[in-house]
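In: one predicted model, sequence on top.
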Amino acid sequence: QVQLRESGGGSVQPGGSLGLSCLASGFAFSGSRMEWYRQIPGKEREWVATVSPDGGVTYYQDSVKGRFTISRDNVKNLVHLQMTSLKPEDSAVYYCYVQYWRNGAPYDFWGQGTQVTVSS
């Protein structure tokens, strides 16, 4: 059973930093691209960052480039999102995501989400 469990959310002042983690289980983690998304109430869930299976390639939404860093630990089955220089518009529920292929079909799996609030 695929499980993704996020942790590390919380409240921080503008300009501050937070680190999120996602513990994965139930699938071939080291062979899977991992992603972070976020969602503000009333808005579509939006992609934030992607890390390749070996961690060597990363992609970011333009609004977080230079401020967020996605990384992974394939020994501990963890994917991280380090967020710095946080802005109020970064406030959202952050989700860990993987698209896992099984028997030739893609399946989408999401974590339960963790709240990040940036406010003075």
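Out: Noted; the coordinates are in hand. What you see is a predicted model; the values in this text were computed from it and never measured.

In: pLDDT wise, what is the residue nearest the centre of the chain at?
Out: For the chain, the residue sitting closest to the mean C-alpha position, by Cα atoms, centre = their mean, is residue 36 at 2.6 Å. pLDDT recorded at residue 36 is 98.

In: list the buried residues for stretch 25-43?
Out: Residues 27, 29, 32-38 are the ones in stretch 25-43 that count as buried (16 or more other Cβ atoms under 10 Å). Every C-beta, even on glycine, is put in place using the N, C-alpha and C of the backbone.

In: actually stretch 103-118, not the one I wrote
Out: Judged by neighbour count (16+ other Cβ under 10 Å), stretch 103-118 contains these buried residues: 109, 111, 113-114, 116, 118.

In: in this protein, which spans are helices?
Out: Assigned by DSSP state H, the chain shows no helices.

In: looking at it, which residue lies furthest from center?
Out: residue 103 (25.7 Å).

In: beta partners of residue 34?
Out: Beta bridges link residue 34 to residue 51 when assigned by DSSP bridges.

In: dump stretch 75-87 to CSV, keeping only the CA atoms.
Out: Extracted as CSV, the C-alpha positions of stretch 75-87 are listed here (Å, rounded to 0.1, in the frame of the first residue of the first chain):
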residue,chain,number,x,y,z
VAL,A,75,18.1,5.2,2.0
LYS,A,76,15.5,6.6,4.3
ASN,A,77,12.7,7.0,1.7
LEU,A,78,12.4,10.7,2.4
VAL,A,79,11.8,13.7,0.2
HIS,A,80,12.4,17.1,1.6
LEU,A,81,11.4,20.7,0.7
GLN,A,82,13.5,23.3,2.4
MET,A,83,11.8,26.7,2.1
THR,A,84,13.6,30.0,2.8
SER,A,85,12.7,33.7,2.4
LEU,A,86,9.1,32.7,2.9
LYS,A,87,6.4,35.1,1.7
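
In: quick one: low-confidence residue ranges for this structure.
Out: Scanning the chain for pLDDT under 70 picks out nothing.

In: for it, what spans make up the strands?
Out: Ranges of strands in the chain, per DSSP state E, are 3-7, 10-12, 18-25, 34-39, 46-51, 58-60, 68-73, 78-83, 92-102, 105-110, 114-118.
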